[in-house]
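Undergrad: Kindly return the folded structure for what I paste below:
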Amino acid sequence: MDFNLSVAPRVAEALAVGQPVVALESTIISHGLPWPQNLECALELEALLEAEDVVPATVAVLGGQPTVGLDRAALEHLAQGRAVAKASRRDLARVMAARQDGATTVAATMVLAARAGIPLFATGGIGGVHRGAAQSFDISADLTELARTPVAVVCAGAKSVLDLPRTLEVLETHGVPVVGYGTERFPAFYIRETELEIPRLDEPGEVARLIHHQRQLDLGGLVVTVPIPGEEALAAEVVEGWIQAALGEVAEAHIQGPAVTPYLLRRLDELSVGRVVRANLALVRNNVRVAAAIARSLATLEG
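TA: Predicted coordinates for the structure are as follows:
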């Protein structure tokens with residue numbers, strides 16, 4: 001464990017005795033949802049894990065200190081903070097040096113979870129290859145992080161606004177396994193399935209064995225995709241219509257770089273009259289429940 005890493009006593013104790021632990025990101029708290037919905041979501045996700053006898057470990061940088069496992073006061077601080085940096089891998093050292101608060105993305109959460117010894121992380125969806133990346137070279141750091149950091153990410157696939165076939169191609173190039181939990185089709189966040197085929201696993205124990213052997217071979221991370229619950233799923237053609245409308249606005253306003261995804265997600269929520277946020281919350285809850293079952297199986301398997 002890195003001496004600069006602050007690990008909450010409850011999380012450290014759980015890891016020491018082999019109790020299941022699941023990491024959670026903090027970007028959804030500071031940048032994904034408005035107050036007080038963001039705090040309510042953070043507390044609910046932790047409570048879901050606790051109800052399954054799994055220790056939650058929300059990850060963030062607090063005053064320059066990388067921290068794994070947050071108390072309520074820290075969660076409230078991130079939820080209400082107006083100057084919380086969005087921290088990916090490249091930003092961690094800068095945020096630490098400036099003694100800033102930082103909400104960790106998928107990539108940064110993986111980095112700090114791995115340093116703490118946590119093998120499993122639940123989130124909404126991973127980043128990926130952006131549409132038009134052949135010109136912009138806009139590819140999420142999540143993909144390269146998955147190639148080198150030994151943490152399994154339980155998610156609802158990648159966001160629908162991305163180029164999903166190329167996202168899977170990049171993951172394949174980097175040797176990152178992608179499996180479907182109860183599905184042989186890659187989910188697209190709000191959409192239950194696409195036409196993209198992936199290997200299927202149906203039981204937590206099957207996924208736990210895959211994670212165990214991936215860790216034994218020191219092959220980096222992997223992606224476990226979970227379809228959004230059917231009652232909250234959105235129709236692919238409807239979502240694509242919203243995306244095309246939002247992309248047209250992005251081009252017209254010359255929005256580029258890191259500002260693109262937040263703009264697209266905000267416009268999708270506006271165009272959907274809130275249905276996108278409801279779907280987002282539903283899929284995150286579902287991913288956390290699945291991650292809890294896998295974490296218990298993995299803890300049993302690894303003794």
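
Undergrad: any weak-confidence spans in this protein?
TA: Along the chain, the model assigns pLDDT under 70 to residues 1-3.

Undergrad: switch the cut-off to 80
TA: Residue ranges of the chain with pLDDT under 80: 1-3, 134-136, 256-262, 264-265.

Undergrad: which residues in it form strands?
TA: 6-7, 21-24, 55-62, 65-68, 85-87, 102-104, 120-122, 152-155, 178-181, 200-201, 222-225 (DSSP state E).

Undergrad: Quick check: phi and psi at the residue nearest to V239 when sequence neighbours are not counted.
TA: Distance criterion C-beta to C-beta, 6 or more residues apart in numbering; nearest residue to V239, sequence neighbours excluded, is S160 at 5.3 Å. All C-beta atoms are positioned from the backbone trio N, CA, C, and that covers glycine. Torsion angles at S160 (phi, psi; degrees, to the nearest 10) stand at phi -60, psi -20.

Undergrad: Could you report the neighbour count for S160?
TA: 23 (other C-beta atoms under 10 Å).

Undergrad: same thing with P34?
TA: P34 has 8 nearby residues by other C-beta under 10 Å.

Undergrad: how close does it get to C41?
TA: Distance of P34 to C41, given as C-beta to C-beta, to the nearest Å: 10 Å.

Undergrad: do the same with G102
TA: According to C-beta to C-beta, G102 stands 19 Å off from C41.

Undergrad: Of the two, which one has the most company?
TA: Comparing G102 with C41 by other C-beta under 10 Å, the one with more neighbours is G102, at 30 against 20.

Undergrad: Quick one: residues contacting that one.
TA: With contact set as C-beta atoms under 8 Å, 6 or more residues apart in numbering, G102 has these partners: A60, V61, V84, A85, K86, A87, D91, L92, V95, A108.

Undergrad: Let's see that with 7 Å instead.
TA: Applying C-beta atoms under 7 Å, 6 or more residues apart in numbering, we find G102 in contact with A60, V61, V84, A85, A87, D91, V95.

Undergrad: ok, now E203?
TA: Applying C-beta under 7 Å, 6+ apart, no residues qualify as near E203.

Undergrad: if we can go back for a sec, and the strands of the chain as CSV, adding distance to E193?
TA: Formatted as CSV, the strands of the chain follow (distance: least, C-beta to C-beta, whole Å):
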stretch, distance to E193
strand 6-7, 37
strand 21-24, 24
strand 55-62, 29
strand 65-68, 33
strand 85-87, 30
strand 102-104, 29
strand 120-122, 20
strand 152-155, 14
strand 178-181, 9
strand 200-201, 11
strand 222-225, 10
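
Undergrad: Find the nearest non-adjacent residue to C41, please.
TA: Excluding the flanking residues, the one nearest C41 by C-beta to C-beta, 6+ apart is L33, at 5.8 Å.

Undergrad: Repeat that for R267.
TA: Per C-beta to C-beta, 6+ apart, closest to R267 is A246, 4.1 Å.

Undergrad: OK, contacts around the one you found?
TA: A246 is in contact with L264, R267, L268, L271, counting by C-beta under 7 Å, 6+ apart.

Undergrad: quick one: the second one from E240, how far?
TA: Computed as C-beta to C-beta, the R267 to E240 distance reads 14 Å.

Undergrad: How about the last one?
TA: Distance check for L271 against E240: by C-beta to C-beta, it reads 12 Å.

Undergrad: max-length helix in this protein?
TA: Of all segments of type helix in the chain, defined using DSSP state H, the longest is helix 275-301.

Undergrad: which parts of that one are buried?
TA: For helix 275-301, the neighbour count (16 or more other C-beta atoms under 10 Å) marks 275-277, 279-299 as buried.

Undergrad: likewise stretch 195-205?
TA: Of all the residues in stretch 195-205, those buried under the rule 16+ other C-beta under 10 Å are L196, I198, L201, P204, G205.

Undergrad: The fourth one contacts A293, correct?
TA: So that's P204. Yes - using C-beta atoms under 7 Å, P204 is in contact with A293, at 4.0 Å.

Undergrad: hang on, isn't V111 packed against V151?
TA: No - the pair V111 / V151 is not scored as a contact, 8.6 Å apart, by C-beta under 7 Å.
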